[in-house]
Every structure is written in C-alpha cells, then in structure tokens.
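Visitor: what follows is a predicted protein model with its sequence.
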Amino acid sequence: MILEMKVPSPGESIKEVEIATWLVKDGDYVEKDQAIAEVDSDKATLELPAEMSGIITLKAEEGDAVAVGAVVCLIDTSAAKPSGSAPAAEAPKAEAKTEAPKAEVKAEAPKAAPAPAATYATGTPSPAARKILDEKNIAPATISGTGKDGRITKEDAVNAVPSMGTPTGGNRGSERTKLSMLRRKVAERLVAAKNETAMLTTFNEVNMTPINLIRNEYKDAFKTKHGGLGLGFMSFFTKAVTRALELYPDVNSMMDGDYKVAYDFADISIAVSGPKGLMVPVVRNAENLSFRGIEAEIKRLALRARDGQITVDDMTGGTFTITNGGVFGSMLSTPIINPPQSGILGMHNIIERPIAVNGKVEIHPMMYVALSYDHRIIDGRESVGFLVAVKEALENPLELLMNGDAKRALEL
C-alpha cells in the first residue's frame, strides 16, 4: 500500500511551508513517528514525523515551498524492513569493464565556442533584471549576460555580486545562502513595524540593588524548594510589567483599522534567541502567575525554543513583549514593536555606576530600560507613566510586587 504524506497545517493562518531539511534519503526505510523532515513556516520550524513504517520516496526538494495539504513524500507500507545492506560485489567488476576502454580514448583539446556576435540586446538587462541591478547598485556594463544574444537575464542579476574593491591579498571568500521562511517573515514584520507604525521610544534607568538583595537572600532556598528552578530577573520584570499594564491599559491594546482593541489579560511575549533565529513564545495570563509560575513557564518555553520543539501555538498571540538585549551585553537600544502589539520593553545589561542617593554619591548596579510604543494609540503620558511604574516596582519589589512578604510571594 502506498501512503501519501501531506503537509499538516501548523496553524490556522499558515498556508505554505518550506522544506528546510530532509532527515532521510530517498529509498530509506523509515519507522512510524520517525522524524523525516524539518519544515519551516513563517512562525516556527517543526519536525514532520512518518505516519507509517515503510520505504520512503521523496516528492519535494530541500528549499521547496509547498502548500499545506500538498504531498511531500510517499511511503510504501508493504515493503519489508531490510535486514542489512544488499551485497554489491558485482559493482566493482562492472566498473572495471567500463574503465578499460576509457584509457584508449585520446584526449582532444576542447574547441572554443565562437563568441556570439554583438547585437542591440548584448549587455541589455530585461526589466526584471534592471530592477534587481538597481536595488543592488550594480552597473549592467559590469555583467556578462547569458541570455539570447548576450542579454542580461533575471538570473544573471540575482547572481550578480557587487564589487568589493581591488583585492590586495588574503582570503576573500563569500557564501550565499537562502534565508529560512522564519527569518524572511521576521524581516518582513520588522520592516512593516517601522513603516506602518508611529513608533517612538522612551527611556529610564533602574537601580537593581533591591532585586539583587532579594535574589541573594532567597535564590538558594527558591532553587531547593522548586526543584532546581532559578530565581532570575525575568520574573521580577514580568510582574512589574503586568502591574504597569493594569495601571496603563492603553499599552496593552492594539490597533485594528479604525478601532482600538483592549485586553483585560496580559499575555507576555518573551523574545528568545533560538537555533533558527529570533522566536517570541508567549506566557499566557502572566498577571495570574506567581514568581515560581513565571520562572517555570519561561524555562519551559526557552528549552523548547532551544531544542527546536517550539510550536506555532506557543508563539501565537501576545499583548506585550519583553526583550532582553542585556544577555548579549547591550547597554542601550531601541527595540522594535512586535506587531500587532503596541509596546515592547527592552532590558539591558547591568553596570555599576555612581548615582546620587539622598545627596550622596553611591555606586549601584544600574540598568537602562526602553519602551518602544505605537504613538497612534499610546500617548506620551501613558508611555512615560507605564515605564515609571515599571521602574517603581523594580526599585521597590518587596512592597509593590510581593505585598511585603518575600517568602510568601516566592512560595518558600
């Protein structure tokens, strides 16, 4: 029996996927539920498991874009599982027989192909090629066309590489690779966010001393009590954000045409760097989660992203985003909104700096924070007030985030 394997739907809005990698070869025997391919959608990279055991025949190449529901391979379920590699003793004999006559053939010098006569089309790019060359800022005169009569084709323009100047020695290699569907979608969304929103960024700084004191006092007990779970900064920032969203609900809203959509819950998207690029899984109803609950959920999602097991549902939705460039050493940045959301909070690295405290100069661990927001829906009062509320909560976490009882808040 021949089983047609079709591309399953990764999510409601996804109509097309791309074959990123075949994990098996054409003609291999596969077991049921064995991962046979990695497919890229515009939201995640997913594994495609074999639906039955049998001999597989591939119907799509790596890099092919295939529609959801299209057949990508066939599985012959009636084929027996091979016990071992088939003997190939006859192959060398056949090769020996065919190799002998080759020695008798005299090598002939290749004849140079006559150069095509120059015409009006020689060196002239097609309209599509001209558009690509203009985007790359490459002069048509620097390219040899492969089309009829020397015309420059679209493929010539795509493969053209801008001049890197006169080489003076040393390695000057380059590699051209196609972006994954996920990376292309991220790029498209980032450009759209810049072009289609009135994005503005406001900044503030946070004294991290109070959070450091709480972490230093309770992190060991927290880890022991909660099965190795660490007490990180993300739970404090997430709690501070959900509190500020309740105070400034416009920051937790979105534009939908001529309407504003407001939410009474806080689904916090956490930007993480995975092996396939930037991913933004969502912590659902973060306003209802404890410190332990937030840390556990972020750890679960981060591990799934790292292992390539993140699903489309894990990244669907979200009403506000937190991104932490500080883990890479960033001191200050202007994060880009994650559409259709209206706001994103950027965390940065912690550096000890001298600050004025009660008229005296003291050295404290400080972090710059940035809020990028869509000015079409969020005014300056709300944006600045939101960031100040985040700052206040982080600088007084015991009172504003833990109701005065750290042990109870941390479930110790």
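Guide: Okay, I see it.
Visitor: which residue ranges form the helices in the stretch 1-150 of the chain?
Guide: Per DSSP state H, counting those that start in this stretch, the stretch 1-150 of the chain carries helices over the ranges 90-104, 127-136.
Visitor: which of the ones you listed has the lowest average pLDDT?
Guide: Among these, helix 90-104 carries the lowest mean pLDDT, at a mean of 46.
Visitor: mind checking which helix or strand of this structure has the lowest mean pLDDT?
Guide: helix 90-104 (a mean of 46; mean pLDDT, DSSP states H and E).
Visitor: so what's the closest residue to residue 279 other than its chain neighbours up against?
Guide: Nearest residue to residue 279, sequence neighbours excluded (C-beta to C-beta, 6 or more residues apart in numbering): residue 305, at 4.8 Å. Backbone N, C-alpha and C define where each C-beta goes, glycine included. Taking C-beta atoms under 8 Å, 6 or more residues apart in numbering, we find residue 305 in contact with 272, 274, 279, 281.
Visitor: at 6 Å instead, please
Guide: 272, 274, 279 (C-beta atoms under 6 Å, 6 or more residues apart in numbering).
Visitor: where neighbours are concerned, which of these has the most?
Guide: residue 279 (26 neighbours; other C-beta atoms under 10 Å).
Visitor: for residue 410, see how far away that residue is.
Guide: 28 Å (C-beta to C-beta, to the nearest Å).
Visitor: so residue 211 makes contact with residue 237?
Guide: No - judged on C-beta atoms under 6 Å, residue 211 makes no contact with residue 237 at a distance of 9.2 Å.
Visitor: where does the stretch 201-350 of the chain dip in pLDDT?
Guide: The model of the stretch 201-350 of the chain has pLDDT under 70 over residues 275-277.
Visitor: for residue 154, which non-adjacent residue is spatially closest?
Guide: residue 128 (4.4 Å).
Visitor: what does residue 245 give?
Guide: Distances taken as C-beta to C-beta, 6+ apart place residue 252 nearest to residue 245, at 4.3 Å, with adjacent residues excluded.
Visitor: and the one you found, backbone torsions?
Guide: Dihedral pair for residue 252: phi -100, psi 30, per degrees, to the nearest 10.
Visitor: residues in contact with it?
Guide: 245, 263, 319-320 are the contacts of residue 252 under C-beta under 6 Å, 6+ apart.
Visitor: low-scoring pLDDT stretches of the stretch 51-200 of the chain, where are they?
Guide: Low-confidence segments of the stretch 51-200 of the chain, defined by pLDDT under 70: 84-121, 163-166.
Visitor: can you show me the strands along it?
Guide: 54-58, 65-67, 71-76, 199-207 (DSSP state E, counting those that start in this stretch).
Visitor: pairing partners for the third one, with directions?
Guide: According to DSSP bridges, strand 71-76 forms sheet pairs with strand 2-6 (antiparallel), strand 54-58 (antiparallel).
Visitor: quick one: closest of those strands to residue 383.
Guide: Smallest distance to residue 383 across the strands paired with strand 71-76 (C-beta to C-beta): 47.0 Å, for strand 2-6.
Visitor: pull out the buried positions in that closest one.
Guide: 3, 5 (16 or more other C-beta atoms under 10 Å).
Visitor: keeping just the C-alphas, turn that strand into PDB.
Guide: C-alpha atoms of strand 2-6 as PDB (Å, rounded to 0.1, in the frame of the first residue of the first chain):
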ATOM      1  CA  ILE A   2       1.300   3.400  -0.900                       C
ATOM      2  CA  LEU A   3       0.700   6.100   1.700                       C
ATOM      3  CA  GLU A   4       0.700   9.800   0.600                       C
ATOM      4  CA  MET A   5       2.100  12.000   3.300                       C
ATOM      5  CA  LYS A   6       0.700  15.500   3.100                       C
END
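Visitor: in what helix or strand does the residue nearest to residue 279 lie?
Guide: Here residue 305 sits within helix 291-306, counting by DSSP states H and E.
Visitor: tally of neighbours for residue 41?
Guide: When neighbours are counted by other C-beta under 10 Å, residue 41 registers 24.
Visitor: so who does it touch?
Guide: With C-beta under 6 Å, 6+ apart, residue 41 has these contacts: 10, 14, 17.
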